[in-house]
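Peer 1: 3D model of this:
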Amino acid sequence: MKIRLALTAALFALGSSALNTAQAAYSGPKVELTFLSGFTGPDRPVMEDLVKGFNAANPNVTVRITAQEWGPINTQLPTLVASGRAPDIASTTENDLFNLIQRGALSSVSSAGLKTAGLDRSRFFKGVAATPVYKGQVYGIPAGFVSYAVFYNKDLLKKAGVSKFPTTKAEFLAAARACTVDKGGKKAGEAGFDAGNLDTWGVSLYNNWVGARAAFSVIVQNGGNLVDSKQNASFNTPQAVEAVQTLVDLVKDGVARPNSTEQGELAAFKQGKVCMFPSGVWYNDQFEKQEGFNFGVGFMPKIGSKKDAAWGGSQFFILPVQKAGYDANKRAAALEFMNYMTQPAQNLVWSSTGQLPLLPTVASDKKYTSQPISELFARLDDVYAMTGFPWTGQIASAFDGAWEAAYLGKKTVKVALDDGVSQANKQIAQVRASYTK
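Peer 2: Residues are numbered from 1 along each chain as shown. The predicted structure is shown next:
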């Protein structure tokens, strides 16, 4: 994003003084905190500079950051807790949060602690604020946020006679058909239309986990979920079958290509061959950098029957369980760190790394006014994580496989989902058994 370039350049030009805008709130004795961060990509230097800003604003607290990949963090943290060597602060993703809770590795954040630190969870978008809550307890503070979106080619939609981005199922299907033309000039639904010889097509579907998040979004729109009340896999309910069938039928109707890949669809979208490309917001930068590319960013159309919804992923600041006699001042300082990092000034800088704003106040910042990604911001309360249960990995893997089998036509939708549920529940039983050992 252009805003990313501007903010990041300003950040490194001014150094930590650019972030030293908040008065120190921690008033206890001097403490040193360790922070195990999973942000190891291009976002790492930005996170490190934000930490420097916190240290400058809080002379009684020194946060020392260590960066490590997400996988090792979530594998090693329970061991670090058990040995009494846990960091004061860590970070995790929504995929691993509930597994760490189940392993007894995380402390919940009390209402009193939140209040003392001035950490008002209502400042966040609702979906990302709700994700780290388990059995009524808060186990994390939002640190980062991405979502599913539908990138669309404005010029191609206009050429097809579509005047606005579709928001309903009827509009979405009509737009997809209007955009689909074979190399002989026939449109989808017309006599002689050749779905195997497309010049342009309506929507991208593809066979990996990112493609499966479109199916998850529509399942939630139908009022469904991936698990039942006992947290067993249940993504073969009528709501789920209908959602996946609707998407698979796009291939049968000729408005989406069969047997396609994410990279193949990405290339086609950039070449002006497909009108709508559902994927993660992390692609926004690529499209902004493509000279002359007239694109927009829409929220997932309401293809389901109950509510608006789209998949979202998130990262969280967490408090690992500490050994007996842990310094209460360190806990207070850790909460103040989380409060500082999620203030509007800091979140505006952090969103320059490609993350979505965590706060509505940041989403409304004038620096986003002309950015295509801002089309999403009014809908970020309708973003839902694929989580809330300790076996997210087992559920996601089986669901993604079921989506691929259905999309590729290897199995009927019902059989694919039934097989996926059976596979997931076998794996869940194994994980449950491991927790009792």
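Peer 1: what about the strands in the stretch 1-150 of the chain?
Peer 2: Applying DSSP state E, counting those that start in this stretch to the stretch 1-150 of the chain gives strands spanning 31-37, 61-67, 89-93, 133-134, 137-138, 141-153.
Peer 1: Correct me if wrong: Leu266 contacts Val274.
Peer 2: No: counting by C-beta atoms under 8 Å, Leu266 stays clear of Val274, with 9.5 Å between them. Backbone N, C-alpha and C define where each C-beta goes, glycine included.
Peer 1: any residues in contact with both of those two?
Peer 2: Ser204 (C-beta atoms under 8 Å, 6 or more residues apart in numbering).
Peer 1: So what sits opposite the residue nearest the centre of the chain in the bridge?
Peer 2: Closest residue to the average C-alpha location of the chain: Gly313 at 2.0 Å, with C-alpha atoms, centre = their mean. For Gly313, the beta-bridge partners are Val146 (DSSP bridges).
Peer 1: Which one of Leu266 and Val274 is surrounded by more residues?
Peer 2: Val274 (29 against 19; other C-beta atoms under 10 Å).
Peer 1: partner residues bridging that one?
Peer 2: Beta bridges link Val274 to Trp201 when assigned by DSSP bridges.
Peer 1: Give me the residues contacting the lengthiest helix in the chain.
Peer 2: Determined from DSSP state H, the single longest helix within the chain is helix 413-435. With contacts defined as C-beta under 8 Å, 6+ apart, helix 413-435 is touched by 102-103, 231-236, 240-241, 244-245, 248, 390-391, 394-395, 397-399, 401-403, 405-406, 410-411.
Peer 1: Now which of those would you call buried?
Peer 2: Buried members of those, scored by 16 or more other C-beta atoms under 10 Å, are 102-103, 231-236, 240-241, 244-245, 248, 390-391, 394-395, 397-399, 401-403, 405-406, 411.
Peer 1: Of those residues, which belong to strands?
Peer 2: Here DSSP state E is the test, and these give no hits in strands at all.
Peer 1: same question for stretch 408-415, mean pLDDT?
Peer 2: Across stretch 408-415, pLDDT averages out at 97.
Peer 1: end-to-end on it?
Peer 2: Stretch 408-415 has an end-to-end distance of 13 Å (C-alpha to C-alpha, to the nearest Å).
Peer 1: Give the buried residues for that stretch.
Peer 2: So, applying 16+ other C-beta under 10 Å, buried residues of stretch 408-415: Lys411, Val413.
Peer 1: that older thread, so how far is the longest helix of the chain off the chain centroid?
Peer 2: 24 Å (C-alpha atoms, centre = their mean, to the nearest Å).
Peer 1: gap between Lys330 and Gly28?
Peer 2: Distance from Lys330 to Gly28, counting by C-beta to C-beta, to the nearest Å: 9 Å.
Peer 1: Need the nearest residue in space to Gln286, chain neighbours excluded.
Peer 2: Using C-beta to C-beta, 6 or more residues apart in numbering and skipping residues adjacent in sequence, the residue nearest Gln286 is Lys270, 7.4 Å away.
Peer 1: okay, now the one you found: neighbour count?
Peer 2: Neighbour number of Lys270 under other C-beta under 10 Å is 18.
Peer 1: Does it touch Glu288 like I think?
Peer 2: No: the criterion here is C-beta under 8 Å, and Lys270 misses it with Glu288 at 11.8 Å.
Peer 1: what ranges do the helices span in the stretch 201-350 of the chain?
Peer 2: With DSSP state H, counting those that start in this stretch, the ranges of helices along the stretch 201-350 of the chain come out as 209-221, 238-252, 262-270, 284-289, 328-341, 344-350.
Peer 1: what does the average pLDDT come to for the last one?
Peer 2: So the one you mean is helix 344-350. 95.
Peer 1: following it, which helix or strand comes up?
Peer 2: helix 360-363 (DSSP states H and E).
Peer 1: And that following helix, how far out from the chain middle?
Peer 2: Distance, centroid of helix 360-363 to centroid of chain: 17 Å (C-alpha atoms, centre = their mean).
Peer 1: Touching the helix or strand following it from outside, list them.
Peer 2: Using DSSP H and E, the helix or strand that follows helix 360-363 in sequence is strand 383-384. Contacts with strand 383-384, where a contact means C-beta under 8 Å, 6+ apart, come from Phe125, Gly127, Val128, Phe145, Ser147, Tyr148, Ser217, Val220, Ala309, Ala310, Trp311, Gly312.
Peer 1: Pull the contacting residues for Ala143.
Peer 2: Ala143 neighbours (C-beta under 8 Å, 6+ apart): Ser91, Ser314, Gln315, Phe316, Phe317, Met341, Thr342, Trp350, Leu358.
Peer 1: Most neighbours of all the residues you listed, which one?
Peer 2: Ser314 (29 neighbours).
Peer 1: Against Ala129, how distant is it?
Peer 2: 10 Å.
Peer 1: One more: Asn95?
Peer 2: When Asn95 is compared with Ala129 (using C-beta to C-beta), they lie 18 Å apart.
Peer 1: What mean pLDDT does stretch 78-96 get?
Peer 2: Mean predicted confidence for stretch 78-96 is 96.
Peer 1: quick one: terminal-to-terminal distance for that stretch?
Peer 2: The straight-line separation of the ends of stretch 78-96 (C-alpha to C-alpha) is 12 Å.
Peer 1: tell me how far that stretch is from the chain's mean position?
Peer 2: 21 Å.
Peer 1: Can you point out the buried residues in it?
Peer 2: Applying 16+ other C-beta under 10 Å to stretch 78-96 flags 78, 80-81, 86-96 as buried.
Peer 1: repeat for stretch 104-123
Peer 2: Ala105, Leu106, Ser107, Ser108, Val109, Gly113, Leu114, Ala117, Leu119, Arg121, Arg123.
Peer 1: Also compute the angle for the longest helix of the chain relative to helix 209-221, please.
Peer 2: 100 degrees (axes from the mean of the first three to the mean of the last three C-alpha atoms, to 10 degrees).
Peer 1: Number the chain from 293, please
Peer 2: Taking 293 as the first residue, the last one we looked at is helix 705-727.
Peer 1: now helix 705-727 against helix 530-544, angle please.
Peer 2: Using the same axes, to 10 degrees: helix 705-727 against helix 530-544 is 130 degrees.
Peer 1: got any ranges where this protein has weak pLDDT?
Peer 2: 293-316, 728-729 (pLDDT under 70).
Peer 1: okay, now the domains of it?
Peer 2: 294-432+611-671, 440-603+683-727 (automatic domain parsing).
Peer 1: between those, which one is nearest to Ala677?
Peer 2: Proximity to Ala677 (C-beta to C-beta) singles out domain 294-432+611-671 among these, at 4.6 Å.
Peer 1: and the closest one, how far out from the chain's middle?
Peer 2: Worked out by C-alpha atoms, centre = their mean, domain 294-432+611-671 lies 16 Å from the chain centre.
Peer 1: Lovely, talk soon.
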